[in-house]
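*Asks:* Show me the folded form of this:
(chains A and B)
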Protein chains: 2
Amino acid sequence: MGEFELLAKLRERLPQLGSRVRLGSGDDAAVTVPGGATATSVDALVDGVHFRRDQGRLEGIGHKALATALSDLAAMGAEAGEAYVVLGVPADLSEDECLQVVDGMVALAAKTGTTLAGGDVTRAPVLTLAVTVVGHADSADDLVSRGGARPGDALVLTGELGGAAAGLLLLERPELAAAVSEETAERLRRRQLEPWPRLRSGRALAAVGATAMIDLSDGLGSDAGHIAARSGAALRIEAAALPLAKGVAEVAAAAGRNPLELATAGGEDYELLVALPADRLGQASTAIGEAEEAALTPVGEVAAGSGVEIRLPGGESLETGGFDQLARRPAEP
Amino acid sequence: MGEFELLAKLRERLPQLGSRVRLGSGDDAAVTVPGGATATSVDALVDGVHFRRDQGRLEGIGHKALATALSDLAAMGAEAGEAYVVLGVPADLSEDECLQVVDGMVALAAKTGTTLAGGDVTRAPVLTLAVTVVGHADSADDLVSRGGARPGDALVLTGELGGAAAGLLLLERPELAAAVSEETAERLRRRQLEPWPRLRSGRALAAVGATAMIDLSDGLGSDAGHIAARSGAALRIEAAALPLAKGVAEVAAAAGRNPLELATAGGEDYELLVALPADRLGQASTAIGEAEEAALTPVGEVAAGSGVEIRLPGGESLETGGFDQLARRPAEP
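*Replies:* Here you go, the predicted model:
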């Protein structure tokens, strides 16, 4: 099957064009009429670096590539719009397998209202996915950067932490699964393999006045540091307040690891860490409830100063970076 | 050097933000206020598939990755806007070499008014670049697809053909360079290694009423076929009218190849093939002259029917696909 035939097969799988798209895949470029402001982000997944083809479903790889890109739009409070996909296909990936990868993207695109509007297919030494996503907002002022956190703001977190790191441990050391029920083990593995972009939560939090947001891809400590640096403020996080995903404590214990390490340095949970004026906490919880996506947990506050402090229950503090990165993202590019 | 330090160094090299960009690299996403319509395209270059690291300057690889993406915007008649870059860095590419690749992109971005607005750096088995470009127009109607060619339209071509294919022959068989002057050989190699996106020409041709445009990446025969298929029309091209780049005939002769093969099947010339109403030819030439980029040559016409016919001087016709593809783009993904 030639490149053009594969592209034609891929195009057949694409859902209807979104309302802003005038011309989709198959021309020199896609044409959209955005209106307002756009948020654009790009994310790449490479076999052996960010995932392993033999761990999990091929659909999950497509899902994760799109999900991690959309997660950045969630962290801006943008509405998902269009995605553009580069698929680098190794010689040992069959046509059917290639289409399975795409099916995972198509399914998530449908669930999130994203139009797969274009792409490029090429040969590559290993399965490689690069996804560019474009999100929308009525105006640039409606989008939330990392840089607006102010002393006195509350820090809140969507969902639960540590699940993706625990899932990775289960994938790499299957014997650890004995520590939890099969249902819990499967849920943890799915957190690692098929993360969910918090698009609804991000928009709801932006609408109630979030001052800074970031999605947790590298780990709470590292990502909180980005908000602190860009906002010129200090972030204080209470370790005892951090919501651990079910089974994280048991998997960590079985692996001889500190569950707090999985929660703060594991990364890939793709939850949102959000600063917002403390008097908006109630509104934020209501808005998140209406978004029906994940609970919201207050985890700390923004203070004058710089850096990130994670306060342990005993009164000690955890230095950011005190735990090794567990995430597969390379420290050395 | 860690990923974040490299990203910081890369960011230092980025030029000023374009007028539409509210927030550039360093947040979850870039924020732009497009206005009107956007054209978005994505292109990937992989070492060993689309280029070889040992052929030419590293800056040239960065240049080519951005240029081939921008060429798609040229073929829409769009104004260059923003670029988002995924850089897959192999272990044997040093930090300095990585920055050289980026410098090639930065230089072309500056020359074309493109803002490098975001990106992602990851480890990869071989040097891999995926570039998403966003171009702009006042409205979607100002952009030119592949699908509007009508019987009676004239076919015109920017610049010259065969140079990139001849350059590739020179890179792979250096002894062929004896057939031309060193200056000509160098110009041909540059056509292959550092193509130029015809952005000004594309906008000028769109403004005078082009009905269909495509950039020649796969080769004239193949790319003309895309216009024919999307427009539901036949394209008739006169081989004798095709403008060959200087030195193509000599290199082809030295290699025992037909120069017409290089011109029609070689690909990677990144010239524009354009259909437009025949009575606009004069306006088009004037507009192209004002764009000061490349000459415009009438090469044929659009007729009722389907497919592409390349008429040879003797009265015979060349079937599209009659020559093997010379381009490095893989036939089998």
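
*Asks:* Show the end-to-end separation of stretch A:6-18, please.
*Replies:* By CA to CA, to the nearest Å, the extent of stretch A:6-18 from end to end equals 23 Å.

*Asks:* domain assignment for chain A?
*Replies:* Structurally, chain A divides into domains by automatic domain parsing as follows: A:3-142, A:154-319.

*Asks:* Would you mind saying which of the ones you listed lies nearest chain B?
*Replies:* Closest approach to chain B among those (CB to the nearest CB): domain A:3-142, 3.9 Å. Where you see a C-beta, it was placed from the backbone N, CA and C, and this is true even at glycine.

*Asks:* could you give me the average pLDDT of stretch A:66-80?
*Replies:* Over the span of stretch A:66-80, the pLDDT mean works out to 97.

*Asks:* Also stretch A:36-44?
*Replies:* Mean predicted confidence for stretch A:36-44 is 96.

*Asks:* buried residues in stretch A:143-159?
*Replies:* A:143-150, A:153-159 (16 or more other CB atoms under 10 Å in any protein chain shown).

*Asks:* Including distance to B:Ser217, could the domains of chain A go into a markdown table?
*Replies:* As requested, those are exported to a markdown table (distance: least, CB to CB, whole Å):
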| stretch | distance to B:Ser217 |
| --- | --- |
| domain A:3-142 | 9 |
| domain A:154-319 | 33 |
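
*Asks:* Distance to chain B for the ones you listed - can I get that in JSON lines?
*Replies:* Below are those laid out as JSON lines (distance: least, CB to the nearest CB, whole Å):
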{"stretch": "domain A:3-142", "distance to chain B": "4"}
{"stretch": "domain A:154-319", "distance to chain B": "6"}
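
*Asks:* of all the ones you listed, which lies closest to B:Gly81?
*Replies:* Closest approach to B:Gly81 among the domains of chain A is made by domain A:3-142 (10.3 Å; CB to CB).

*Asks:* Tell me the helices and strands packed up against the host helix or strand of A:Arg22.
*Replies:* Using DSSP states H and E, A:Arg22 falls within strand A:21-23. Helices and strands touching strand A:21-23, by 3 or more CB pairs under 8 Å, 6 or more residues apart in numbering or on different chains; DSSP states H and E, are strand A:30-32.

*Asks:* Just checking: what are the partner strands of the strand it packs on?
*Replies:* In the sheet, strand A:30-32 lines up against strand A:21-23 (antiparallel), strand B:37-46 (antiparallel) (DSSP bridges).

*Asks:* Okay, A:Ala224 and A:Gly307: tell me how far apart.
*Replies:* 9 Å (CB to CB, to the nearest Å).

*Asks:* tell me the pLDDT at A:Glu5?
*Replies:* 73.

*Asks:* Now do the SS call for it.
*Replies:* helix (DSSP: H, G, I helix; E, B strand; the rest coil).

*Asks:* and the buried residues of stretch A:143-159, which of them are in strands?
*Replies:* Counted as lying in strands by DSSP state E, out of these, are A:Ala154, A:Leu155, A:Val156, A:Leu157, A:Thr158.

*Asks:* roughly how far apart are the closest residue to A:Ser231 other than its chain neighbours and A:Ala304?
*Replies:* Nearest residue to A:Ser231, sequence neighbours excluded (CB to CB, 6 or more residues apart in numbering or on different chains): A:Ala149, at 3.8 Å. Counting by CB to CB, the gap from A:Ala149 to A:Ala304 is 11 Å.

*Asks:* where exactly do the helices run in chain A?
*Replies:* A:3-12, A:58-74, A:95-112, A:163-172, A:182-193, A:199-207, A:220-231, A:248-255, A:259-265, A:281-291 (DSSP state H).

*Asks:* neighbour-wise, which of A:Ala224 and A:Gly307 wins?
*Replies:* For A:Ala224 versus A:Gly307, neighbours defined as other CB atoms under 10 Å in any protein chain shown are more numerous around A:Ala224 (30 against 14).

*Asks:* dump the residue contacts of the more buried one.
*Replies:* A:Ile214, A:Leu235, A:Ile237, A:Leu273, A:Val308, A:Thr320 (CB atoms under 8 Å, 6 or more residues apart in numbering or on different chains).

*Asks:* From the residues you listed, list just the buried residues.
*Replies:* For the contacts of A:Ala224, buried by 16+ other CB under 10 Å: A:Ile214, A:Leu235, A:Ile237, A:Leu273, A:Val308, A:Thr320.

*Asks:* Which of those fall in strands?
*Replies:* A:Ile214, A:Leu235, A:Ile237, A:Leu273, A:Val308.

*Asks:* The residues you listed: which two are farthest apart?
*Replies:* Longest span within these, CB to CB: A:Ile214 and A:Ile237, 13.0 Å.

*Asks:* As TSV, the buried ones among the contacts of A:Ala224 with distance to A:Ile61 and pLDDT would be great.
*Replies:* Conversion of the buried ones among the contacts of A:Ala224 to TSV gives the following (distance: CB to CB, whole Å; pLDDT from 0 to 100):
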residue	distance to A:Ile61	pLDDT
A:Ile214	24	98
A:Leu235	33	97
A:Ile237	32	96
A:Leu273	26	98
A:Val308	32	95
A:Thr320	30	55
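
*Asks:* do you know which of the strands paired with strand A:30-32 lies nearest B:Ala165?
*Replies:* So among the strands paired with strand A:30-32, strand B:37-46 is nearest, using CB to CB, at 17.3 Å.

*Asks:* in that closest one, what counts as buried?
*Replies:* For strand B:37-46, by 16+ other CB under 10 Å, it's B:Ala37, B:Thr38, B:Ala39, B:Thr40, B:Ser41, B:Val42, B:Asp43, B:Ala44, B:Leu45, B:Val46.

*Asks:* Stretch A:108-119 now?
*Replies:* Under 16+ other CB under 10 Å, the buried positions of stretch A:108-119 are A:Leu108, A:Ala109, A:Thr112, A:Thr114, A:Thr115, A:Leu116, A:Ala117, A:Gly118, A:Gly119.
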